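Chemist: Based on what follows, work out the 3D shape:
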Amino acid sequence: MIPDLPTDELARRYNNGLAVPNWADTLLPRWQSESQRVRDESSGVRDAVYGPLPRNTLDVFTPKGTPPSGGWPALIFIHGGYWQRLSKDDWSVIAAPFVANGMAAVIVGYTLCPQTTIRGIAGEIEAAVNHVWKAATALKLNREKLALAGHSAGGHLTAWCMTVDWAAHGMPATPFVSSTAISGLFDLEPLVPIYLNDALKLTHAEALAMSPAYRERRVDCELTSVVGGAELEEFLRQNQLLGAHWKNVIEWEIPDLNHFTIIDELTREDSALFKRVASRLRD
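Modeler: Residues are numbered from 1 along each chain as shown. Here you go, the predicted model:
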């Protein structure tokens, strides 16, 4: 559904860079610096190939030492950037609190628009998850304890994974112990008339087809849809869509956080967001 708003106002409600103009000069450089430290200091595997394209790689970060019987419980994280910006290397920082607390983290890379489409990206994410599950033993991961999370465009892709027939991939129908969509977009039709579509190139039909809120949910794990209380109006609205269309969705609004400070919470082991995601891996 496209809200009944002038196009420039609709565009404003999706322009997170305009709403939080200093994030790229403050948060992003810190994340990138911390990400380099995590890549230098953590055990695991870097740039594991899961597909044929240059960005079809993922990083696995594990604690040092001997893994528990069955392997390390692991978070699979899908980064944001409106499907057209950033890379997995910017987000290694997400792994830090998990590794420090006896868990692993997998940070997934994917091809960006306009080199591909959102449908193409979704297919790559499916391939990445399939690779992690099937290669879990070699990667020292416990495939019975995999959680999924993503931010912004990654939140969309996380929700998309709830609609996938994983049995068709040779996996359990529910391969995750939990799923957390952070500041996600679940109805893509409002993006069609605004500036973002210059790179995404969505038609109305394709936008609806790629909107998780209008698809059948197939995966029966705990699903949390979380947004910052200080986010733009459309992200607050979007956060309610999964609960409106699917059963058993936990809706969570964290006061005072914006589109970027909310993901910073996942880099801190003392935050409610980290504790919630980690608790499902510890169960």
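Chemist: What count of nearby residues applies to residue 253?
Modeler: Around residue 253 there are 15 other residues, counting by other CB atoms under 10 Å. Using the backbone N, CA and C atoms, a C-beta is placed for each residue, glycine as well.
Chemist: What does it show for phi and psi?
Modeler: Torsion angles at residue 253 (phi, psi; degrees, to the nearest 10) stand at phi -120, psi 120.
Chemist: Let me see the contact set for the closest residue to it other than its chain neighbours.
Modeler: Nearest residue to residue 253, sequence neighbours excluded (CB to CB, 6 or more residues apart in numbering): residue 229, at 5.2 Å. Residues counted as contacts of residue 229 (CB atoms under 8 Å, 6 or more residues apart in numbering) are 236, 253, 254, 255, 256, 257.
Chemist: and the residue lying closest to the fourth one once chain neighbours are set aside, what are its phi and psi?
Modeler: Closest residue to residue 255 apart from its sequence neighbours, by CB to CB, 6+ apart: residue 229 at 4.2 Å. Here is the backbone geometry of residue 229 (degrees, to the nearest 10): phi -70, psi -20.
Chemist: Does the longest helix anywhere in the chain pack against any helices or strands, and if so which?
Modeler: Longest helix in the chain, counting residues (DSSP state H): helix 118-134. Counting by 3 or more CB pairs under 8 Å, 6 or more residues apart in numbering; DSSP states H and E, the packing neighbours recorded for helix 118-134 are strand 57-62, strand 72-78, strand 104-108, strand 141-151, helix 153-161, helix 204-209.
Chemist: Is residue 224 within a helix or a strand, and which one?
Modeler: Using DSSP states H and E, the element containing residue 224 is strand 222-228.
Chemist: Relative to that strand, what are the paired strands and their orientations?
Modeler: Using DSSP bridges, the strands paired with strand 222-228 are strand 178-182 (parallel), strand 249-254 (parallel).
Chemist: picking that back up, for residue 184, which of the helices and strands packed on helix 118-134 is the nearest?
Modeler: helix 153-161 (2.3 Å; CB to CB).
Chemist: hmm, who's touching that closest one?
Modeler: Here helix 153-161 has contacts from 77-83, 118, 121-122, 125-126, 129, 148-150, 176, 179-186, 188, 210, 212-213, 215, 219, 223, 225, 242, using CB under 8 Å, 6+ apart.
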